[in-house]
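*Asks:* Predicted model and sequence below, questions to follow.
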Amino acid sequence: MDLKSNTTTFNNDIENASKTIEVESNSSEQGSDISTWSRFKYELTSDDLLEEPDGSIVDVELAFAPEPARRTALIRGALMSFNLGIWVWDMIMGPADEYYMIYLTNWTIFFSIAYLIASFLCAALPRSEVFEDNNTKEVQRPRLIAKIAWELYAMIAPAGLTVVLMYWVAIYDGRTIIFLNLWRHGILALCVILDGLFIGSVPIRIKQMRNIIVYEFLFLVWSIVHIFAGIGNGKGKNENDDEEEENDDAIYGVLNWKERPATAVIISLIVVSVVTPLMFYICWISYLKLGRRKIIRA
């Protein structure tokens, strides 16, 4: 009797596990079958960034600190320390003077480092908490540190790609490429995406495009204030600064609102209306194709 009972229980466990796998597989397939346009509209209007169009939910633990969390923390700690060390080295070699933070590149470096720190803390500290909703159903929500990392990633991943593209296309003048220049305009952006897409699986939602739009709008306003206030770019103080343009007090020569306003307007429109949405789309679709299946629970 005991053997028969154990066999029956074992068979029931296998059947239940099979049903669970089937449900999760169907949920994942349903989420994948949703058209890009339908998902776009859903994410644009949904108030819950954790919920998928098919009703499945993002697992906060898997998204921000995959198990084993200690290993994730070690990897992220190494990635953070590597980039933080290079940033300090960059400022020492620069040197970082009163003009350091006028550049979009350095804004993006600052927020990229902030993201890597927040991401590391997500693995080192509790990153989610569970509540009960009105139906007494347990609901998992991200803690503050996870929310900060989430919003920073949605902003800085596409912003980093935008900076990289615009630098090599519109600003780079053919001079010898040094490691620090390559780190500022390539390696750091790749480290951010490596962390958010492969080490973790940070979801990106269409509604979060507001982050990078506000970010770029603030920089454009700053670039106008900068040129008309006559702040200058410190030319002559730093011979190794690859951001400066000869005979030009603007932050970037292509954004000289005083002497070449038409060029500045055209470049700004191209960046805001074409380049930035394209970079955001690349980050968004990369999450859907590479990261989504790893963190969705029915």
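*Replies:* Yes, it's here. Residues are numbered from 1 along each chain as shown.
*Asks:* Measure how buried I148 is and give me the count.
*Replies:* I148 sits with 18 neighbouring residues when counted by other Cβ atoms under 10 Å. Heads up, the C-betas are built off the backbone N, CA and C, glycines and all.
*Asks:* Identify the residues contacting the residue nearest to L84 when sequence neighbours are not counted.
*Replies:* Distances taken as Cβ to Cβ, 6 or more residues apart in numbering put I113 closest to L84, at 6.0 Å, once the chain neighbours are dropped. Counting by Cβ atoms under 8 Å, 6 or more residues apart in numbering, I113 makes contact with 80, 83-84, 87.
*Asks:* In this protein, what residue spans correspond to helices?
*Replies:* Using DSSP state H, the helices found in the chain span residues 2-33, 36-45, 60-64, 69-93, 104-124, 144-166, 179-182, 188-193, 209-229, 261-270, 276-286, 292-295.
*Asks:* just to revisit the earlier point, would you list the contacts of I113 in CSV and tack on pLDDT and neighbour count?
*Replies:* What follows is those, written out as CSV (pLDDT from 0 to 100; neighbours: other Cβ atoms under 10 Å):
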residue, pLDDT, neighbour count
M80, 97, 20
N83, 98, 21
L84, 97, 13
W87, 95, 21
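*Asks:* Tell me where the model's unsure across this protein.
*Replies:* 1-33, 95-96, 131-138, 235-247, 293-294, 296-298 (pLDDT under 70).
*Asks:* thinking again about what came up before, go through the contacts of I113 and say which is closest to I102.
*Replies:* I102 lies nearest to W87 out of the contacts of I113, by Cβ to Cβ, at 16.9 Å.
*Asks:* Distance check, the closest one against Y100.
*Replies:* In this view, W87 and Y100 are 11 Å apart by Cβ to Cβ, to the nearest Å.
*Asks:* try A154
*Replies:* From A154 to Y100 the distance is 25 Å (Cβ to Cβ).
*Asks:* out of the two, which sits in the more crowded spot?
*Replies:* Higher neighbour count among A154 and Y100: A154, with 27 against 18, using other Cβ under 10 Å.
*Asks:* Okay, the residue nearest to the more buried one when sequence neighbours are not counted and F280: tell me how far apart.
*Replies:* In space, A154 comes closest to Q208 once its chain neighbours are excluded; the distance is 3.7 Å by Cβ to Cβ, 6+ apart. Distance, Q208 to F280, using Cβ to Cβ: 8 Å.
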